[in-house]
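Novice: Just to be clear, the model below is a prediction. Sequence and coordinates:
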Amino acid sequence: MSEFIVPMPMDERGGDEEADPIHISAHGVDFQVRADAKNKRITVAATGAVYVRILPAEDELRPGGRLEPTFPLNREARKNLRAKVRENLRGLISSLPGGRAHPDWPAKSLEARKAAYEALGLPFENTQDRTPSENGDESTVPPDAAVESAETAEGEARPEQGAVGAERIPDVMAEEISPPAKWLRIDLELPSFEFSPASAAADAKIATDALNAAIAKQLIGWAESTVEPYGGHLWGFRHGRPIRPSDVRNWKRYLEAIRSSKLKPVLPEIQLRWDVQAVPDPLDASRITLHVALENWSELPSASTYKEIEPALFQVLTSVTLPASAHEFLHLDRVKPSYHLVVTGLYERLRSGDPAQQQAARDELVRWVSAGPLHGQFSRLLGMARRPPVFSSTWL
């Protein structure tokens with residue numbers, strides 16, 4: 001299980017590099033078989049899942065819902081709101097003895113800001129208020145171009161002020177936004193295939209075509225489905241249908257408009273490839289080295305679609321079944337062939353709960369410690385591995 005494989009970077013598709021520390025784009029296995037088993041049939045199977053973007057449910061958009069949207073105020077609304085906040089703050093400064101130095105200034109200035117929002121029919125949310133500082137100095141107000149540099153969760157420019165609570169925000173004061181992102185996992189049924197070392201490349205090509213056809217068919221089937229929950233025709237995300245506050249207030253109407261439109265749900269175009277290679281062992285003519293890997297060759301999302309599609313394949317698992325008589329154990333030249341088995345065995349013995357097995361594992365670890373100034377300390381610590389603590393009955 002590799003969890004997921006992302007699309008292979010374009011600059012790596014022309015070579016034999018299959019992964020780097022950031023982009024894991026292939027998952028598979030290398031093993032060896034007898035050279036006289038080149039016509040034996042070997043079975044390969046895989047599992048995987050993809051994610052598709054869907055529309056949120058009505059209760060998720062309600063106040064306090066996990067996907068409650070924040071609507072940016074448009075340019076005219078921001079201008080009017082800033083003017084009203086300045087007016088209220090300046091009036092408060094003139095009415096309070098000492099102005100901003102008055103002890104009631106923090107609480108009353110917050111009330112003044114809230115009153116400015118209410119005067120324009122907007123809900124007030126302190127975390128969304130980005131109007132100028134409470135000194136009322138117009139020089140502290142940045143131009144619109146400066147305050148729109150930040151991005152929303154959808155990668156869109158975030159204006160200076162936003163408002164939560166779509167039930168109270170007039171459409172004429174808000175900018176359109178993309179529906180809050182929600183993703184659905186679709187577990188795929190991937191076809192297995194057979195190959196022989198003698199025809200590995202040709203068998204892999206046929207398997208690749210069948211694999212991609214099966215994935216496309218399942219995604220299209222979901223997109224056309226009207227079966228609850230989350231059939232694609234009912235809940236699939238459509239490009240180019242932003243929402244306004246009034247859509248959130250009547251989400252059923254928005255969903256009906258989406259479902260009756262000619263727009264199709266946005267789907268990832270998954271392109272996988274089976275890479276199967278059979279190469280004679282250069283050091284042992286009686287062996288053939290086999291490489292079986294599932295690679296992700298999907299196109300990378302564009303700047304306009306990277307928030308809408310996910311081209312990675314998730315929960316990837318590949319398995320290879322072959323006759324035991326054809327398999328050969330690998331010769332490892334850099335580490336002992338049983339190194340990983342030894343480490344696993346030590347771990348299992350240390351956690352077994354059997355004092356005899358635990359002591360044997362500790363003794364073996366101590367024998368592995370290299371000579372040096374810290375040999376004694378390391379040996380003592382290893383000797384204590386998985387040993388239950390001893391408590392003293394003496395009170396200090």
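Specialist: That came in fine, so what should we check first? Numbers count the residues shown, from 1 in each chain.
Novice: So which residues of this structure form helices?
Specialist: Here the chain has its helices, by DSSP state H, at 58-61, 75-95, 105-119, 144-147, 200-224, 232-235, 245-249, 251-260, 339-350, 355-368, 375-383.
Novice: Select, out of those helices, the one closest to Ala37.
Specialist: Ala37 lies closest to helix 200-224 among those, at 12.5 Å (Cβ to Cβ). Glycine gets a C-beta too; all of them are placed from N, C-alpha and C.
Novice: shaky segments in the chain?
Specialist: 1-2, 11-21, 126-166, 332-341, 383-396 (pLDDT under 70).
Novice: buried ones in the longest strand along the chain?
Specialist: Using DSSP state E to define each element, the chain has its longest strand at strand 42-54. By 16 or more other Cβ atoms under 10 Å, the buried positions in strand 42-54 come out as 42, 44, 46, 48, 50-54.
Novice: try stretch 252-263
Specialist: In terms of neighbour count (16+ other Cβ under 10 Å), stretch 252-263 has its buried residues at 254-255, 258.
Novice: How about stretch 351-363?
Specialist: Result for stretch 351-363 [16+ other Cβ under 10 Å]: buried residues 357-358, 361-362.
Novice: Also stretch 52-66?
Specialist: Buried residues in stretch 52-66 (16+ other Cβ under 10 Å): 52-57, 61.
Novice: How about the contacts made by Met10?
Specialist: Leu300 (Cβ atoms under 8 Å, 6 or more residues apart in numbering).
Novice: Would you mind stating the distance between the closest residue to Trp251 other than its chain neighbours and Leu263?
Specialist: Distances taken as Cβ to Cβ, 6 or more residues apart in numbering place Glu58 nearest to Trp251, at 4.4 Å, with adjacent residues excluded. Distance of Glu58 to Leu263, given as Cβ to Cβ, to the nearest Å: 20 Å.
Novice: So His27 sits against Thr318, correct?
Specialist: Yes: assessed by Cβ atoms under 8 Å, His27 is found in contact with Thr318 at 5.8 Å.
Novice: what touches both of those two?
Specialist: Both His27 and Thr318 are in contact with 293-294, where contact means Cβ under 8 Å, 6+ apart.
Novice: Looking at the two, which is more packed in?
Specialist: His27 (23 against 20; other Cβ atoms under 10 Å).
Novice: If that one is in a bridge, with which residues?
Specialist: Leu294 (DSSP bridges).
Novice: how much space is there between it and Ala46?
Specialist: Distance from His27 to Ala46, by Cβ to Cβ: 8 Å.
Novice: which residues do the two both contact?
Specialist: With Cβ under 8 Å, 6+ apart as the test, His27 and Ala46 both reach 294, 316, 318.
Novice: tell me the contacts of the residue nearest the centre of the chain?
Specialist: Residue closest to the average C-alpha location in the chain (Cα atoms, centre = their mean): Glu310, at 8.7 Å. Applying Cβ under 8 Å, 6+ apart to Glu310 gives the contacts 50-53, 183, 268.
Novice: do you know how far the residue of the chain most remote from its centre is from Ala112?
Specialist: Largest separation from the mean C-alpha position in the chain: Pro97, at 54.4 Å (Cα atoms, centre = their mean). To Ala112, Pro97 is 16 Å away according to Cβ to Cβ.
Novice: Check Thr226 too.
Specialist: For Thr226, the distance to Ala112 - Cβ to Cβ - is 52 Å.
Novice: Equivalent analysis for Leu184, please.
Specialist: From Leu184 to Ala112 the distance is 45 Å (Cβ to Cβ).
Novice: who's more crowded, these two?
Specialist: Ala112 (22 against 16).
Novice: what's near enough to touch the closest residue to that one other than its chain neighbours?
Specialist: Leaving aside its sequence neighbours, Ala112 sits nearest to Asn88 (Cβ to Cβ, 6+ apart; 3.9 Å). Counting by Cβ under 8 Å, 6+ apart, Asn88 touches 112-113, 115-116.
Novice: Show me just the buried residues among these.
Specialist: Counted by 16+ other Cβ under 10 Å, the contacts of Asn88 give 112-113, 116 as buried.
Novice: What is the nearest of those residues to Val6?
Specialist: Of the buried ones among the contacts of Asn88, the one sitting nearest to Val6 (Cβ to Cβ) turns out to be Arg113, at 45.0 Å.
Novice: My read is that the closest one contacts Phe124, right?
Specialist: Yes: using Cβ under 8 Å, Arg113 makes contact with Phe124 at a distance of 7.0 Å.
Novice: Alpha carbons only: can I get stretch 275-282 in PDB?
Specialist: What follows is stretch 275-282, C-alpha atoms only, in PDB (Å, rounded to 0.1, in the frame of the first residue of the first chain):
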ATOM      1  CA  ASP A 275       5.300  -0.700 -16.700                       C
ATOM      2  CA  VAL A 276       6.300  -4.400 -17.000                       C
ATOM      3  CA  GLN A 277       9.900  -5.200 -17.900                       C
ATOM      4  CA  ALA A 278      11.800  -8.500 -18.100                       C
ATOM      5  CA  VAL A 279      15.600  -8.200 -18.100                       C
ATOM      6  CA  PRO A 280      18.100 -11.100 -18.000                       C
ATOM      7  CA  ASP A 281      20.300 -10.900 -14.900                       C
ATOM      8  CA  PRO A 282      23.700  -9.800 -16.100                       C
END
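Novice: in it, what counts as buried?
Specialist: For stretch 275-282, by 16+ other Cβ under 10 Å, it's 275-276, 278.
Novice: could I get those residues as CSV with distance to Glu76?
Specialist: As requested, those are exported to CSV (distance: Cβ to Cβ, whole Å):
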residue, distance to Glu76
Asp275, 57
Val276, 62
Ala278, 68
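Novice: Please report the distance of Phe378 from Gln359.
Specialist: Taking Cβ to Cβ, one finds Phe378 at 17 Å from Gln359.
Novice: returning to that earlier point: among the helices of the chain, single out whichever gets nearest to Ser286.
Specialist: helix 200-224 (18.2 Å).
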